[in-house]
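>>> need coordinates for the below:
(one chain, ligands or ions: 2)
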Amino acid sequence: MASGNPYTLKWGIMATGGIAETFCKDLLCSPAVRGADDVRHEIVAVASSSSSKRAAEFLQKINGAFDAKTYGSYPELVVDPNVDIIYVATPHSHHFQNTMLALEAGKHVLCEKAFTVTAAQARKLVETAKAKKLFLMEAVWTRYFPLSIKVRELITSGEIGTVFRTIGDLSINSNAEEGSGLSFADSHRMVNPDLAGGATLDLGVYPLTWVFQTLYHLQPEQDKEAPTVIASSNKYTTGADENTAIICSFPGHSSIGIASTTMRADTDPENVVPAVRIQGSKGEIQVFAPAYRPTKYRVVKKNGEAQTFDVPQPADPARNSWGHGMFWEADECARCLRDGKLESATLPWKESIVIMETMEEALRQGGITYPELITTDVYDPKSPLNTGNQ
Ligand SMILES: NC(=O)C1=CN([C@@H]2O[C@H](COP(=O)(O)OP(=O)(O)OC[C@H]3O[C@@H](n4cnc5c(N)ncnc54)[C@H](OP(=O)(O)O)[C@@H]3O)[C@@H](O)[C@H]2O)C=CC1
Ligand SMILES: O=C1OC[C@@H](O)[C@H](O)[C@H]1O
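Ligands and ions are numbered 1, 2, ... in the order given. This is a model prediction of the structure:
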């Protein structure tokens, strides 16, 4: 790729849960393994809202970055002068306040999906990043996979003609062994309304990603249209949605997207039926489950000719053959910052906002509501979501 010294991005990690561990293990993989010689990553600080001890234990878990600073609160992390960018890896409920905390401290941010709980919160984050000239990106890692790039290229080159319909699903069978409950405790972030749990915000964002990548993102800027949305949900006993189906119509392009998600059944337990079908006038592209981390796609022409392609994630032998695929989005952050860009062209601010508007409308139609503490778009540095008392 590039000659000379690679650009180094120094990360501060906010929260020490499951995805923070996965992401950091990816940051520690050698970029050379994925053919990147122009950027590299350093984890220079980690914060846990509960204790600095937990942050220190996190470094043991990821087996690296042992000289990183460890903090027992998020406010301490965001003022660390050595940190360039904060990775916000807290539950959805916290994203708005935590991202604002980082932006207000002058830090660039990569914030986990779903970007926020409401569209107004997403707009506020974008306004703030723009005003402060800071980089901000929603961590929809799937968009940065070579597989996604290839699929977008195939569509742009006309391989399947004009795309008129995309159908996508991300569903997981989380039924409890007995009874009608789900296997998640009611307090778990997947189903807890206080943490903005529910199928739409957690899982639905991925089939919507495929709908938007294929029916919205690739349109010329002046032709991009926000969809009209029809949606239906079933509520779980906690009040979060357990099933949601969303129909997005793009009338200006005669195209339609159908995104579905449930916590009651798997997308495809055998992995033989595609999770995503992108259907055009000359054929279709099928992307296999899971919609968030596909490694296989198939191009089927109108005449029935078909070819399957495997795109495995590169694994680093020096890191116990680890390689999950989150390094692609991290590389995007580094390249954007190196090149002075505030947003990623692969997932521009406007598109994150339109997707949040779509999910907000789907949740409204489904009758799903969340508490004021996590839906407010008024920034409060002393919010318990920032100070760790919540
Ligand atoms: N891109 C992807 O593939 C995935 C993305 N995600 C996204 O990442 C985010 C976090 O998910 P995940 O890591 O699975 O969640 P976890 O529950 O495993 O971790 C969340 C972390 O957030 C911090 N936190 C702060 N306040 C709270 C609170 N009140 N309740 C719970 N946790 C709190 C905790 O870290 P600490 O104590 O250190 O402050 C906790 O460990 C979500 O937005 C989710 O949608 C999740 C899974 C996969
Ligand atoms: O982003 C995600 O992808 C994988 C899912 O299992 C997880 O619940 C979700 O947060």
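>>> contacts and neighbour counts: CA atoms only from here.
Fine.
>>> Ser344 and Ala139, how far apart?
Relative to Ala139, Ser344 is positioned 11 Å away (C-alpha to C-alpha, to the nearest Å).
>>> and these two? Which one has more around it.
Set side by side, Ser344 and Ala139 show more neighbours around Ala139, with 23 against 18, by other C-alpha atoms under 10 Å.
>>> neighbours around the closest residue to that one other than its chain neighbours, how many?
Among residues not flanking Ala139 along the chain, Glu112 sits closest, at 4.6 Å (C-alpha to C-alpha, 6 or more residues apart in numbering). Other residues near Glu112 come to 22 when the count uses other C-alpha under 10 Å.
>>> same check on Gly35?
If you count neighbours by other C-alpha under 10 Å, Gly35 ends up with 10.
>>> before we move on, what about Ser281?
Using other C-alpha under 10 Å, Ser281 has 15 neighbouring residues.
>>> just the one 3 residues further on next, same as before
Taking other C-alpha under 10 Å as the criterion, the count of residues near Glu284 is 24.
>>> just say helix, strand or coil for it.
Assigned state for Glu284: strand (three-state reduction, DSSP: H, G, I helix; E, B strand; the rest coil).
>>> the helices in the stretch 101-250 of the chain, which residues?
Counting by DSSP state H, counting those that start in this stretch, the stretch 101-250 of the chain has helices at residues 119-132, 146-156, 199, 205-215.
>>> Ala291 is nearest to which of the ones you listed?
Distance to Ala291, taken as C-alpha to C-alpha, is lowest for helix 205-215 among the helices of the stretch 101-250 of the chain, at 6.2 Å.
>>> any idea of the mean pLDDT in the closest one?
Averaging pLDDT along helix 205-215 gives 98.
>>> so that helix, near ligand 1 or not?
No: shown here: helix 205-215 not in contact with ligand 1 (C-alpha under 6 Å from any ligand atom), separated by at least 9.3 Å.
>>> pLDDT at the residue nearest to Ala139, what is it?
You'll see Glu112 listed with a pLDDT of 99.
>>> my read: it touches Ala89, true?
Yes: assessed by C-alpha atoms under 8 Å, Glu112 is found in contact with Ala89 at 5.7 Å.
>>> what about the residue lying farthest from the centre of the chain, which SS state?
In terms of distance from the mean C-alpha position of the chain, Asn303 ranks first, at 35.5 Å (C-alpha atoms, centre = their mean). When classified by three-state DSSP, Asn303 comes out as coil.
>>> skip the chain neighbours and tell me the closest residue to it.
Distance criterion C-alpha to C-alpha, 6+ apart; nearest residue to Asn303, sequence neighbours excluded, is Gly283 at 8.0 Å.
>>> again, but for Gly388
With C-alpha to C-alpha, 6+ apart, the residue lying closest to Gly388 is Ser49, at 4.9 Å.
>>> could you check how far the one you found is from ligand 1?
Using C-alpha to the nearest ligand atom, to the nearest Å, one gets 4 Å for the distance from Ser49 to ligand 1.
>>> all good on my end, thank you.
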